[in-house]
Structure formats: structure tokens, C-alpha cells
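Chemist: Provided below for reference: sequence and predicted model.
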Protein chains: 2
Amino acid sequence: MSVVQIVEPKTDIRAAMREIGEKARVAAREVANAPAEKKNRALFAGARILRERVGDILAANELDCEDVRAKDLSAALIDRLTLNSTRIEAIALGLEEVAALPDPVGRVLATYTRPNGLMIERVATPLGVVGVIYESRPNVTADAGALCLKSGNAVVLRGGSDSFRSSAAIHACLVAGLKEAGLPEAAITRAPFTAREVVGEMLEGLDGALDVIVPRGGKSLVERVQREARVPVFAHLEGIVHVYVDRSVDFDKALKIIVNAKMRRVGVCGAAETLLVHRAVAPFLLGKVIDALIKAGCAVRGDEAAREADTRVTPATEEDWRTEYLDAIISVRVVDSLDAAIDHIETYGSHHTDCIVTEDKVAAERFLKEVDSAIVLHNASTQFADGGEFGFGAEIGIATGRMHARGPVGVEQLCTFKYRVRGDGQTRP
Amino acid sequence: MSVVQIVEPKTDIRAAMREIGEKARVAAREVANAPAEKKNRALFAGARILRERVGDILAANELDCEDVRAKDLSAALIDRLTLNSTRIEAIALGLEEVAALPDPVGRVLATYTRPNGLMIERVATPLGVVGVIYESRPNVTADAGALCLKSGNAVVLRGGSDSFRSSAAIHACLVAGLKEAGLPEAAITRAPFTAREVVGEMLEGLDGALDVIVPRGGKSLVERVQREARVPVFAHLEGIVHVYVDRSVDFDKALKIIVNAKMRRVGVCGAAETLLVHRAVAPFLLGKVIDALIKAGCAVRGDEAAREADTRVTPATEEDWRTEYLDAIISVRVVDSLDAAIDHIETYGSHHTDCIVTEDKVAAERFLKEVDSAIVLHNASTQFADGGEFGFGAEIGIATGRMHARGPVGVEQLCTFKYRVRGDGQTRP
């Protein structure tokens, strides 16, 4: 097996990255004012070129995969990295779906007239330059590039070194699309270095060029970005997601929601990690729910009440309430009241997504009001925590920060706004 | 004259400030869920108590003023610091005005139903804990405290040491109001130390307790906060505000707007600093405008064309285009086109507030679209850049950052949002 090494010439990474940032900023002004048709033409052309170049992309990807196999890394990593024609077609379709979304730029968010006749409009405008730092999934190159372009932003992409060649090949298609549409190539820029310093440079903001950073990858990446970034970050560190079953409940509905929330896909951020059950219904509900979860392949850890309900339940420790398993494991706790459930969620949760299952509308409204999470649900699976399911078309991620974007981050959330004021000679007394 | 020294016991400032942060966070959860009436009751009570304690407040203020006079600081500082019964009445009225605003918390910002029947709502929620760092104006204590409480946030206030006793006296009234309304006293907290370390601690975020920092004061304070804060900041460093007069223009309207934009109040961030005039109208307009400005008491610096129009114009240097005078000085430049005007503004401006004066709607729309400032105006004075003038009731400041709040920051901008999803047992396939 021939291992192809990526040889990188000695470069002043800082200077090179700052130059990239500067060019992206210039391009940002152009794409911010570009008409929707032009951006869409670039995305459709990018999709077409991706399909035309499937061979090249697969060849580049094979080189990346060979390197990773030589390093003997995990099967999961290789799976995330590997492309095939189906996956490339999905990437191309993704570009076309983003192109088909309504244009988020220029939307009038509010409009009113002041007593002095001034007409004030709040209107959506692009954020500017988005930095995206991701790991081995090469498709992020296209997904993130498309969402940023659609929202009128320039983007600086920094993919993991494992997928370096695959990302480069996909990126080249996007750039060819930009060229066809007459848009600046620097609107979707990719850091052409594997050097780790690139991440540090981006976290510092490329000398003021980056307006926001979006990390896409595992917890250690997000943690580092949140800790070190000198610019705002759209991200969530973890999703310690709760389903709480209140005292007045439809058992079948609860069962269906709990099993779906936990087991539909265990590795997504909207997957439930902890089940809270009101003490009043625990005797009737708990045994059945635990049995269903175990039958679905889930390991159950619980407090005393849960262990009494089913002997297969192992003891949950304090640590369990703080753990995002991202696996077929759930922690179960019986609580004395709605207040106790909310307290548990506020103490151990991550303000991502939490759900109440109940037929009691008053309890539901209190939960929806008082639980301080980006997404709060009543009688629906937490696995709906997703930009697509919210009707955003696509998302660049889910944010748990409180500023600007909270919850799924789609093209609208990649915009800021400004005020347009129209007068007829008004002066201020 | 007896100078009363503030004696501060040796305290572990870091520990004390973190404890304040922790208590504010607990209080934040309570005020976030407090009904509007309760918050308003606290503000009305605070206003009443302020009026009852005018004597105490003036006595405290006199001690602050004595200290400052003993240090022989500037008259402007003493003016900013000095309270009298009129100013205290204005502070009380301000509290009542904020109380009278519509409650921003719980507003439904968007609502829609998905094909699967899920009802999704985006609803305004408080940001959490706001840190406010200000200088000598003691009224900020009340203004900022009221805006934060109204928007359901807790606030940690850190005023300048010059106004230490005045701020403490005003703060005590707000706290008494909170108590009367049955709200936690820690909802409006004030750092009870003059030590400079307090600012550093707040910029670090009080161990995660602060969600955002708002600096209120001069450029050096804002600069430091923007540079060092580890949490998001709502602020503007400067307002290099432009008025651009395009080729198709109503002379009288232009004259009126320019003189008002520059001279109504020269020290506010919305005051014009640079006048750009299209070359086609310069011969007709420039002489008249410059004469009017000079007659109004403004010094005019300009390029060659401006100096030819009026010999009293002194030469403008490159530095002038980058200067926020905050004084009766204006820089004037003749440009060849709308594009050149936009380029000038994008190159030298501060993305705060910029205005076009023209009767040409197409040119106006291009300017409003392409100038990337928080506020862009057509045929209206830039001095309207103010939350009150925008109908926000009151503002905690004007932000030029691109995230979350841009332009005037009122109670609505001190809120974030969350998604409430209502289902009837939906699970994700």
C-alpha cells in the first residue's frame, strides 16, 4: 500500500491565514450585495461540477483513506471520512436544496413609522465572514460553504488533516461554481494547510477578519473553540437532554416518545440522556418503560425507585446525571414534582433540548416557560431538535449560547440586521 | 473642606465578586419568570423611594463631589458626577418610563406549524445576567438597573469610584423597590468595592455568571472592555458618522440635515463627523453649507475642493477621515460618485450611523443596502441614532457589533429567545 504524504512547504502560517482573512473580507462585501440568483447559480453550478468530478473526488478520498488506514485509526473515523458515489450525490443534492431555500438576506424583520414620519425598517443582512473549523467529515466543506454563501457571508473553512485531499477536491467544485456565477472565489475559502497552527490563527479571528466561528466536530474540538476563540462562537458543547413525564400522562404516548427520544439515533445531540418520572405515576409507568427501553437495546441506570421497578437497572451515580452518553444508555430518576424536575434539568442539563410529556396543559406551559433551554418540547420526541425538522432547510449546527443564534442555526441565523430609516428632511429638535 | 476617604476592608475581591455573580445567577432565574406586574411594581417603588430619599442621595453625592474637587479633576467630570433634585427627579421618571414599557419577555417572535403537526414558537426570553461597567455618571445605576430588570435579567453594576457613594445611595432605592415587590435583592447587584480589580473580574465573566457586558463611558473604557472581555459585549467604540449628499438633491433639505446632524449636539455618538458631497453639486452646495456650519460655530476641515469653496476651511489630513471629533469640527470631502462615497464610508467609517441626502430613490436604496452600518438613513439627521427616537423607550447603549444586538440596545435587545414546540405524541421516523 503506497502511503502518499502531504508535503507542505515551509510557510508563514500566520501571514498566509491573515491574507486569506483579508481576501475573505473583501469577498464578503461583494457576496453580501449579490442578488439571490447569482448565489443560487453558484450553488447549482457547484452541484453539477461535483457530479462531473466524482472520479477525481473519489481518487482524492482514497488517498486520504489510505493514510488513515496506515495510521490504523478507528473504523468510525474511517467511516466518517469515506466517500462513495451515493454520498457525493447526497452532497450535490444538499447544495441544490440550499440553493432552493428562500433568500434570507434583505428580509424585512420589522417595519414601523414614528410620529415624526420617519419610516424605520429592521432588515436582515449577512454576518460577514464565518470561520468553520471541522474534523474528518469532508461533506462539511460543501454543507457549510453553501449555507454561508446562501446567507451572503464569506466563509473560511478549516477541515481536519485526515480529509485534507477530499475537502480540497470538493472545495474546488464550489470555487468553480462561484467562478461560473461571477462571484469572487474568496467567498468560499479553504485553509490550504494541514498545520495545526491554522486553528489557533482562526480562533484569534485572523486579525479581525472573522465575525463568528462555527466548530463542527467532537466535544474536545468544541471545548477548545469555546475556550480559546476571541470571536463569537455558534456551538453546543453537549446535549444532556431530558424527557420528563408528569403525573397526568397518556402512557402509550409517553412510551412512544421516550423510546424514540432515546433510541431512534443514540449519537445525535437531541437524543435523550435522562428520563425523569413523577413519583405519582412511577409505579404504573416505570416498569413498562424500562422494559421497553431494555428490549430496544438500551442499558438503564437509575435511582432506587427505578431499580425497584426493574432489577436489570444498574445504579446511577451523580456523574450519570451530568453525562451525555451518545450511546444506548439512559439514566432514570423519579422526582417528587414538576418543580423538582425543572430543578434537576436546570442543575444538570446543558440548556439544549428538554421535553415534558403530560396531558396537563398548565404543567406543560410552566415547563415550557421555566426550563431555560434552547428548545423545549411538549409531547414530542427530543429527536426533532434539528434545523431540517424546524423547517430551516438545513443547519450548520445547534447553538446553546444565549447570544444571537440559539437552537438550530440555519441561513436566517447566519444573518444579522441593520436599521434602514427613510425620512423626508427630518431633523432632531 | 473635609475629605471623606472611602475605606475598604481588605477583601478577596475575586471570591467576593464570584459570590456576587453566583447570587445574581440564582436571582436571574427568578426574575426571568417573574410576571410583568411584579417587575413594574419594583420599578415604581424604586422611583418613589428615590424621591423620598432625595436628601440622602444629595448628601452622598456631595461627599463624592468633595473628593473629586479635592483631586482637582476636570469641570466636565464634576458636571457628569453632580446630582441635584432636578436630576434625581429625572432618574425617578426614567424608572417609571421603563416600567411603563411593554414587557419584552414572552413575546412570540414567530409561530408556525410543521407538516407533522408540531407547533413551533420562537419566544423572547431574558439573556440571563448582564454586567454593566460605567464611569462617573451615577444615573447609569438606575437606568441600567431598570432596563435589565424590565427585560427579566439580573444585573451586576460596577460604577466608577468617583461616584461610589452616589451610586450606592441610588442602588439602595432600587433594592428597596425589589424588596417591596417581593423580588430577590440580588436581581440588581452593585459591586460594593472601588478596587480596580473588580473590572478585571467582570471582564472574565465572574466564573461563567455573566452572559454579556455593557460598558458605559469613554473610549478608553470601551476599548479595554472590547479587548479583554471573555464574554460578549454590547458597545460601540466610536461613531464616525457620515452625511453624504448625492447629485440629485434638495439644497434646503440638505442644509438643514447637515447642520442638525453636526451641530444639534456635538458630543453624541450620532453626531456627524464627515460630510461627503458629490462633485456634481459641490459648486452649488459647498459654499453655502460650509458658511452655515461656520456660522453655527463649527470648524471645517476639508479637501482641496472644500478649501476652494471657502477659504476659512483648513486642510484635512488622512487622520481626519478616521477621527470622531465629538466636537464642533467637521471634515468635508468631495467625491466623484455614489460608489466613491460608499467606499469612503466602508474604509473610514465605524459601521455606526450613516446618511444619504438625495431626491434620487435609486441612489438612496443602493446606499441603504450597501452601506454596512447599524443604522443607515435617507434624508434624515443622523442625530436620530438613539433608542428613544427609535421608539424603544430607552436604551442601554448603541452597539456596532454584528452579533445579537446591533444599533440601539433597548429592552427587546436585552432578550434572547427559545423555541417552544407543542406536539401530540409526535416521534421522529
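Modeler: Sure thing, it's come through. Numbers count the residues shown, from 1 in each chain, chains lettered A, B, ... in the order given.
Chemist: all helices for the stretch 1-150 of chain A, in order.
Modeler: Under the criterion DSSP state H, counting those that start in this stretch, the stretch 1-150 of chain A carries helices at the ranges A:13-32, A:36-52, A:54-70, A:75-81, A:85-100, A:139-150.
Chemist: Grab the nearest non-local neighbour of A:L77.
Modeler: In space, and not counting its chain neighbours, A:L77 is closest to A:S136: 5.8 Å by Cβ to Cβ, 6 or more residues apart in numbering or on different chains. Glycine gets a C-beta too; all of them are placed from N, C-alpha and C.
Chemist: and the one you found, how far is that from A:A169?
Modeler: Counting by Cβ to Cβ, to the nearest Å, the gap between A:S136 and A:A169 amounts to 15 Å.
Chemist: how about the residues of the stretch 101-250 of chain A near chain B?
Modeler: Neighbours of chain B within the stretch 101-250 of chain A, by Cβ under 8 Å from any Cβ of the partner chain: A:106, A:112, A:114, A:118, A:120, A:125, A:127-128, A:211-212, A:232, A:250.
Chemist: one more time with 10 Å, if that's ok
Modeler: A:105-106, A:109-110, A:112-123, A:125-128, A:211-212, A:227, A:230-232, A:234, A:250 (Cβ under 10 Å from any Cβ of the partner chain).
Chemist: Which residue does the stretch 151-300 of chain A have closest to chain B?
Modeler: Closest residue of the stretch 151-300 of chain A to chain B, Cβ to the nearest Cβ: A:N260 (3.6 Å).
Chemist: Secondary structure element holding that residue?
Modeler: For A:N260, the element it lies in under DSSP states H and E is helix A:251-263.
Chemist: repeat for A:V243
Modeler: Judged by DSSP H and E, A:V243 forms part of strand A:241-245.
Chemist: now the angle from that strand to helix A:251-263?
Modeler: Using axes from the mean of the first three to the mean of the last three Cα atoms, to 10 degrees, the inter-axis angle of strand A:241-245 relative to helix A:251-263 is 170 degrees.
Chemist: May I have the lowest-mean-pLDDT helix or strand in chain A exported as CSV, CA atoms only?
Modeler: Lowest by mean pLDDT, DSSP states H and E among the helices and strands of chain A is helix A:75-81, with a mean of 87. The C-alpha trace of helix A:75-81 is given here as CSV (Å, rounded to 0.1, in the frame of the first residue of the first chain):
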residue,chain,number,x,y,z
ALA,A,75,-13.3,2.3,12.0
ALA,A,76,-15.7,5.0,13.0
LEU,A,77,-13.2,7.7,11.8
ILE,A,78,-12.7,5.8,8.5
ASP,A,79,-16.5,5.6,8.1
ARG,A,80,-16.9,9.4,8.6
LEU,A,81,-14.1,10.0,6.2
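Chemist: And A:I88, how far from A:L73?
Modeler: Separation of A:I88 from A:L73 (Cβ to Cβ): 22 Å.
Chemist: Look at those two and report which has more neighbours.
Modeler: Neighbour tally, A:I88 and A:L73, criterion other Cβ atoms under 10 Å in any protein chain shown: the higher count belongs to A:I88, 24 against 14.
Chemist: Now do the same contact list for the more buried one.
Modeler: Contact partners of A:I88, counting by Cβ atoms under 10 Å, 6 or more residues apart in numbering or on different chains, are A:50-51, A:53-54, A:57-58, A:61, A:138-139, A:142, A:166, A:169-170, A:173.
Chemist: Most neighbours among those, which one?
Modeler: A:I170 (33 neighbours).
Chemist: Does it belong to a helix, a strand or coil?
Modeler: Put simply, A:I170 is helix when judged by DSSP: H, G, I helix; E, B strand; the rest coil.
Chemist: and it, what pLDDT?
Modeler: On pLDDT, A:I170 comes in at 98.
Chemist: before we move on, back to that, ok, and what's touching the least confident helix or strand of chain A?
Modeler: Contacts for helix A:75-81 (Cβ under 10 Å, 6+ apart): A:61, A:64-65, A:67-69, A:71, A:73-74, A:135-139, A:160, A:162-163, A:166, A:217, A:267.
Chemist: Just the endpoints, please. Distance across stretch A:293-308?
Modeler: Stretch A:293-308 has its terminal residues 16 Å apart, counting by Cα to Cα, to the nearest Å.
Chemist: does it come close to chain B?
Modeler: No. Against chain B, stretch A:293-308 shows no contacts by Cβ under 10 Å from any Cβ, the least distance being 12.6 Å.
Chemist: can you give me how far that stretch is from the chain middle?
Modeler: Centre-to-centre, stretch A:293-308 and its host chain are 30 Å apart (Cα atoms, centre = their mean, to the nearest Å).
Chemist: Stretch A:296-316 now?
Modeler: With Cα atoms, centre = their mean, you get 32 Å for stretch A:296-316.
Chemist: Report the rounded mean pLDDT for it.
Modeler: 97.
Chemist: Go through it and flag the buried ones.
Modeler: A:298, A:300-303, A:305-307, A:309-310, A:313, A:316 (16 or more other Cβ atoms under 10 Å in any protein chain shown).
Chemist: helices or strands up against the helix holding A:N260?
Modeler: Contacts defined by 3 or more Cβ pairs under 10 Å, 6 or more residues apart in numbering or on different chains; DSSP states H and E place helix A:251-263 against strand A:241-245, strand A:272-278, helix A:282-295, strand A:329-335, strand A:353-357, strand A:375-380, strand B:415-426.
Chemist: The closest residue to A:R107 other than its chain neighbours pairs with what?
Modeler: Spatial nearest neighbour of A:R107, excluding adjacent residues (Cβ to Cβ, 6+ apart): A:A124 at 4.4 Å. Following DSSP bridges, A:A124 is listed with bridge partners A:F417.
Chemist: In contact with A:A124, which residues are there?
Modeler: A:A124 sits next to A:103-109, A:151-152, A:411-412, A:414-418 when contact means Cβ under 10 Å, 6+ apart.
Chemist: From those residues, keep the buried residues only.
Modeler: By 16+ other Cβ under 10 Å, the contacts of A:A124 give A:103-105, A:151-152, A:411-412, A:414-418 as buried.
Chemist: now, among those, which is nearest to B:P283?
Modeler: Relative to B:P283, the closest of the buried ones among the contacts of A:A124 is A:K418; by Cβ to Cβ it sits at 33.3 Å.
Chemist: Identify the residues contacting the closest one.
Modeler: Counted by Cβ under 10 Å, 6+ apart, A:K418 has contacts A:121-125, B:351, B:368-369, B:371-376, B:402, B:406-407.
Chemist: any low-confidence regions in chain A?
Modeler: For chain A, the stretches with pLDDT under 70 are A:1-10.
Chemist: One more pass at 80, please.
Modeler: Within chain A, the segments meeting pLDDT under 80 span A:1-11, A:72-73.
Chemist: Which single residue of the stretch 251-400 of chain A ends up nearest chain B?
Modeler: A:A380 (2.9 Å).
Chemist: And for the residue lying closest to that residue once chain neighbours are set aside, the neighbour number?
Modeler: In this structure, A:A380 finds its nearest non-sequential neighbour in B:G423, 2.9 Å apart by Cβ to Cβ, 6+ apart. For B:G423, the count of nearby residues is 22 (other Cβ under 10 Å).
Chemist: show me the contacts for B:G423.
Modeler: Contact analysis of B:G423 by Cβ under 10 Å, 6+ apart lists A:253, A:257, A:355, A:357, A:377-381, A:384, B:114, B:116-120.
Chemist: Recalculate using a threshold of 7 Å.
Modeler: The contact partners of B:G423, by Cβ atoms under 7 Å, 6 or more residues apart in numbering or on different chains, come to A:377-380, B:117-118.
Chemist: Please pick the buried ones from these.
Modeler: When the contacts of B:G423 are checked for burial by 16+ other Cβ under 10 Å, the buried set is A:377-380, B:118.
Chemist: got JSON lines for these, with distance to B:A363 too?
Modeler: Converted to JSON lines, those look like this (distance: Cβ to Cβ, whole Å):
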{"residue": "A:L377", "distance to B:A363": "49"}
{"residue": "A:H378", "distance to B:A363": "51"}
{"residue": "A:N379", "distance to B:A363": "54"}
{"residue": "A:A380", "distance to B:A363": "50"}
{"residue": "B:L118", "distance to B:A363": "46"}
